[in-house]
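everything below, folded, please.
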Amino acid sequence: MKRIIISLIASVITIQSFAQLAADGFYRIQNVGTGRYLSIANNRVDNTNKNALKSGNQGNIYSLATYSNVTSDPGSIIYIRKNGSSYDLISQGMNTSSLLPSGASLAFENGNIKGAYNLAGKYSGFKLYLTDVGSGSEGNCKTGRRNEDIGNWYINPIDQTYEFFAITPDLAVGGKYYTTIFAGFAFKLGEGMKAYYVSDYSKNAAQMDEIADGIVPAGTPAIIECSSENPNDNIVTLLTSTSSKVSGNQLQGLYFNYVRKSAKGGVATTDLAKQLMEGTIKFNARSMKVLGEIDGKLAFINAPDDYLQFGEYLPANKAYLPIAFQTDDVLFLLDKDDYAGIKDIRMDEKATGIYNLKGQKIQSKDQLQQGVYIVNGKKFIKK
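From the prediction side, this is the model:
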């Protein structure tokens, strides 16, 4: 039996217990007792707790986490869709109707607190309730019995006022703010924002094209230019449908990072920890790059240690650029015209001459001002 734990949050919900949902739409699920929000952290079911859950006993739900600040967390956005006499939950690239074992369900029952619900996981005659445990800004979920606070949940619609999704930049370059994103939902950018993808790359450069109409389809890894460094200025509108995915996009993304710390402070290496890490991607500096900055210019670079979890693993819901050849060099991001000039230059050890990032040849190093150049096929930075 697969994905028993997922069934505790990603399941078919009876209409009668969730009748006041006005329409299909995007929601966040907030715990009454802790105030933290549910976030889909993993799509794996661990063997450690599976037998306990099947027997109706208490168990950890490693597929879920709870956080106080989910403004920019794609895993906290759950689309609830009516499906005949039930509902599907969709998040992080998963559709519950295709994941659940036959007979498993999650009923949203009226809670002990007005306006709240108990999330009751049902399977093979057993019923367990989802609870949020732990202290501070982060928690984890367990199954247990009804509880008047940590076992009650609010189902909050995304209304663009009290509940919304905003993008937080993590990079400032040339007075602009950038990040990458990989989300399971489509969205339209707010005012002053732009979205890009990488359509081609060569040894020292990559072509960055703007995504039309500022609409990023679901499951599309993208570079986002934000309107400011404040996420509240970068609120996007979630969309239920868009055109097909961006054609020719060289970027890739990942939904999950589930690396856990051992008792000694390193990466946990138990069988359970290894199983839950499936889908987490280890960064390879020779065959992939992440968005960064070199000498005041936007580029794909080797990931710095502080960007990676434990200095090795890519963060969740981010995009990266896989490289078809082995290289330690950076790839500068250029628009279509500038990239065409760079690509025409022979980027190998035999290439001669000095070029700027527009592909224009410079006659002498004495003419170089501060900036980045290609000298004899290799990157050169004039300080």
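
show me the residues around the spatially closest residue to Q207 that is not a sequence neighbour that make contact.
Nearest-residue entry for Q207: Y339, 3.9 Å, with adjacent residues in sequence omitted and distances by C-beta to C-beta, 6 or more residues apart in numbering. (C-beta placed from N, C-alpha, C; glycine too.) By C-beta atoms under 8 Å, 6 or more residues apart in numbering, the contact list for Y339 reads D200, A205, A206, Q207, M208.

so Y339 is in which element?
Here Y339, judged by DSSP states H and E, is contained in helix 336-343.

what helices and strands are in contact with the following helix or strand past that helix?
Going down the chain from helix 336-343, the next helix or strand is strand 354-356, by DSSP H and E. For strand 354-356, the packing partners by 3 or more C-beta pairs under 8 Å, 6 or more residues apart in numbering; DSSP states H and E come out as strand 361-362, strand 371-375.

put together CSV for these, with mean neighbour count, mean pLDDT and distance to Y154 on each row.
Output for the helices and strands packed on strand 354-356, formatted as CSV (neighbours: other C-beta atoms under 10 Å; pLDDT from 0 to 100; distance: least, C-beta to C-beta, whole Å):
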stretch, mean neighbour count, mean pLDDT, distance to Y154
strand 361-362, 14, 72, 62
strand 371-375, 18, 73, 51
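
out of the ones you listed, nearest to R260?
Ranking these by proximity to R260 (C-beta to C-beta) places strand 371-375 first, at 39.6 Å.

ok now that closest one, how far from the chain's centre?
How far strand 371-375 lies from its chain's middle: 34 Å, per C-alpha atoms, centre = their mean, to the nearest Å.

partners of that strand in the sheet?
strand 354-356 (antiparallel), strand 378-382 (antiparallel) (DSSP bridges).

before we move on, back to that, between the helices and strands packed on strand 354-356, which gets nearest to T161?
Closest to T161 of the helices and strands packed on strand 354-356 is strand 371-375 (C-beta to C-beta; 43.6 Å).

kindly export the closest one (C-alpha atoms) in CSV.
Taking C-alpha atoms only, strand 371-375 is exported to CSV below (Å, rounded to 0.1, in the frame of the first residue of the first chain):
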residue,chain,number,x,y,z
GLY,A,371,33.3,45.2,-16.5
VAL,A,372,33.2,41.7,-17.9
TYR,A,373,34.8,40.6,-21.2
ILE,A,374,35.7,37.5,-23.2
VAL,A,375,39.4,37.4,-23.8
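
and the angle for that strand with helix 336-343?
Relative orientation of strand 371-375 versus helix 336-343 (axes from the mean of the first three to the mean of the last three C-alpha atoms, to 10 degrees): 40 degrees.
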